[in-house]
Each structure stands twice: as C-alpha cells, then as structure tokens.
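Q: below is the sequence, then the predicted model.
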Amino acid sequence: MAAVFLHHVVGDLTVGKPDIREFWEGETVGAAMGEFGEGAERAVTVWRKRGEEVGRERERAARFVGILNSLDVVAFLARGGDPEKALRTPVREVVRHNPSLLKEVDPAARLIDALEMMKQGAQRLLVRKSVAWRGVSKRFSILYGGKWLKNSDSFSTISPTTFNESSNYLLTSKEDGYCCISREDIVRFIIGFLGAIAPIPLSSISSLSAVNDNYCFIEASSPALQILHNFPQNPSAAAVVEIAADGARKIIGEISAYKLWKCDYVAAAWAMANLSAGQFVMGSEDEDQESPPDFFLASQVENGIAKSPKPRIFSSRSIGFFGQQLVGGLRSTRSMYRGRSAPLTCRHTSSLAAVMAQMLSNRAAHVWVTEDGPEENTLVGVVGYNDILHAVTNYRATISPAMS
C-alpha cells in the first residue's frame, strides 16, 4: 500500500472545488438537458427537496436520489411517445434511484478509506468544505495544536478562523460549504503523485489486472435501441462492434454518456430509435434519407418547455459528430467524423500512467482496450475508474513494466 494514500485526507481534494449544485428531482428532462450544457460535469446529481422540518446539514446525503447522465436522457427520449411530453417529464421518473452512489465523508477521513468506498460502488463523495488550506502541512493532514482532530472536533472546536504557524495552513468554519468528490478527482490526484506509487504507473494495465473483460457491447447491425435491453452503467458505455467469423470483436464506435455529452439530445434520440448501432456511430447523411423525420431541436427547449418545432432533417451533424472546420475550402465531413466519434482505445500493453492521462485529457470515464488480432482494433476489454482504483491499491511487487 502506497504511503501517499495513508498520509493524505479527503479534505485535500476539496481545494478549489465549487459548492455542490443540487438538481431537484421534480425538474423536467428539458431542464436536465440544459444543466448538462451549462455544467462542467458529465452527469448531474439528483436530490429531493429539503423539507422545512430538515434543518441539519448531516441529513443532506439522505436526500440524494441518484445520478443522471446524457445517455439516460437520450435512451428515455428514444423510447418513443410525444416529444413535448417527454421533455416535461420529471427527472424522478427517469433517473435510476440508487442512493448508494453517494457517501458522505468527513474531510479528515483518510484517502485510502475514500478509495475503498469508491471501489465498493460509490461514485461521489459528499464532503463538507470546513477546511480552506492556505498552505500545506507535512502530511496534508488536519492537525490542530499538535494533535489529531477527532471527526466531531473538526466542526465544533475550530474557531471561525484559525491559523497554525507550524504547519502553515488555515482552518475556517463554513456553514453551507459542501462539495462532491468524483472518481475523476481521485484519478487526477493520483496522477500528481506518480513517483510516490512507483512502479505502478509504468506497469502495463494487463499485468495490473486492470483490463475488465466484462463489458457491454452491441453488434453494428443490431438496432441501436437494443442498448436498452442491457443498459450499461459502470462505465455508462457500450461498444459497437463488428463480429468476425472467428468470433473476434472489432470496435468501430461506442454509445456512451461520454460521446453524447452536450450533443443535440433529441436528434440523438431519434437516431437511436430509428437507426442501427453502426449507423448511429457512423452518422447518416441527409441525401440518404428517403423520408426525413421532423423533430424538436434541443436548442428549442427553454425552462423545460419545448417551443414550436421547426422541421429539420436528421444528419450526423445534428448530434455533434461533425465539426465545422474547412480543409482546402471544402468541408471535410468524413475526416471530421473520425476525429470526433472514434472511440478512445489503448493496447493491453499500455502503461497505467498513459491510460490515466488519456482519460483525464479527454475527460472520459473509460478507455477501450484492443490488441492485434485477425483484424485491427480487436476488442479485449475496457478500463474504467474502478479498475484504476483497484490497480493502485491492490498492487503486488510481482508485476513487470509495460512494454515499450
């Protein structure tokens, strides 16, 4: 076990984190689509409204309902029905109710304990921002007067502003300061201490047993809506594959919350309901449509209410698969598609550090793992946040460095 996880506390990760934004379960699906566009997170945490009788902050976690992402919204809209009615649907009818996805944690809790919670299924940690660091202590620990603070002391015995000269940090008490720590925050913290957990970062993901072969996939020729029969959750992604005669799976794209973030959700829902999985990830050109459909644009949703619809032909541009750059005076549609919708992949020999950097730079929750088989891009598994957390905490000294 790397000492870095024992000598750091959850409070270290709250530095610079904004206060949590609670999205009420009574808000509409249209409002959730707007929240995806405005926020920096790929998913929103859904909460029950605080009743007048609830006056203690420690009960905040009890109001948590679940986590809603863009794939949830697109899949809901793709089920059919009146689009305007669907956009007015309360989020409580769409989000999967799973309170275990969030755990309330004391800022003085050890980082290793937080990692164990996330390995067991938690995707968010609710942390009270009672500590604002002016500097850093030797071990990034919450100390006061030369002794460890008890959990209760960290909130009750600290004066509104206390500066500890010996360890150079500032303790401040805040009434309503809560933030959410995600698994992405944990991985971002880990990548800042690669030297402290050596040789794990340079070891291959296969030697670390970080490749998960239990992933969701859908054949390219199957209807894209088939994803509802085996809805992916962790990660929220399904690989779109072509299956060779020998059973090998060649990945050509993916249907995921990562790819659908900040797209035209209603257009994507129409595509999911009417196209095959292969067509969905490749896009469908205007001239190929025999009877082009009409649909509401996501931009026509305001305050959860759909405005008057304007007919528009579906194309891959509608759901954000194509860019607006010009090459040689002409629009390079196919090349722009490959750059935008091709799935993130790595080799099973890739180092853990390289995979983490790839995920963080693209803000992706997963990377597909491929190897050279009968065909290029033969899919063998996926690496997600949980796989990384298991790799860095279950390390054994018998592994070998990644191949160059």
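A: Now that the structure is in, tell me what you want to look at.
Q: shaky segments in the chain?
A: 1, 51-58, 130-176, 284-341, 373-375, 396-404 (pLDDT under 70).
Q: where along the stretch 201-350 of the chain do the strands fall?
A: Secondary structure of the stretch 201-350 of the chain by DSSP state E, counting those that start in this stretch: the strands cover 217-219, 237-243, 249-256, 301-302, 305-306, 326-327, 330-331, 345-347.
Q: so which of those is nearest H229?
A: strand 217-219 (9.2 Å; CB to CB). (Each C-beta comes from the backbone N, C-alpha and C, glycine too.)
Q: tell me which other helices or strands the closest one touches.
A: For strand 217-219, the packing partners by 3 or more CB pairs under 8 Å, 6 or more residues apart in numbering; DSSP states H and E come out as strand 237-243.
Q: rewinding a little: who wins for proximity to A268 among the strands of the stretch 201-350 of the chain?
A: strand 249-256 (9.4 Å).
Q: and G384, which of the strands of the stretch 201-350 of the chain is closest to it?
A: Of those, the one closest to G384 (CB to CB) turns out to be strand 237-243, at 8.6 Å.
Q: list the strands paired with that closest one, with their directions.
A: The strands beside strand 237-243 in its sheet (DSSP bridges) come out as strand 217-219 (parallel), strand 249-256 (antiparallel).
Q: now those in TSV, please, with extra columns for distance to I112 and mean neighbour count.
A: As requested, the strands paired with strand 237-243 are arranged in TSV below (distance: least, CB to CB, whole Å; neighbours: other CB atoms under 10 Å):
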stretch	distance to I112	mean neighbour count
strand 217-219	34	21
strand 249-256	30	23
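Q: export these to a markdown table and tack on distance to S361?
A: Formatted as a markdown table, those follow (distance: least, CB to CB, whole Å):
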| stretch | distance to S361 |
| --- | --- |
| strand 217-219 | 25 |
| strand 249-256 | 17 |
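Q: picking that back up, out of the strands of the stretch 201-350 of the chain, which gets nearest to R363?
A: Nearest of those (CB to CB): strand 249-256, 12.3 Å.
Q: name the surrounding residues that touch that closest one.
A: Applying CB atoms under 8 Å, 6 or more residues apart in numbering, the contact partners of strand 249-256 are 71, 217-218, 220, 224, 227, 232, 235-244, 272, 277-278, 280-282, 341-343, 345, 366, 368, 370, 375-379.
Q: hmm, back to that, compare the strands paired with strand 237-243 and give me the one nearest R188.
A: Comparing the strands paired with strand 237-243 by CB to CB, strand 249-256 comes nearest, at 20.2 Å.
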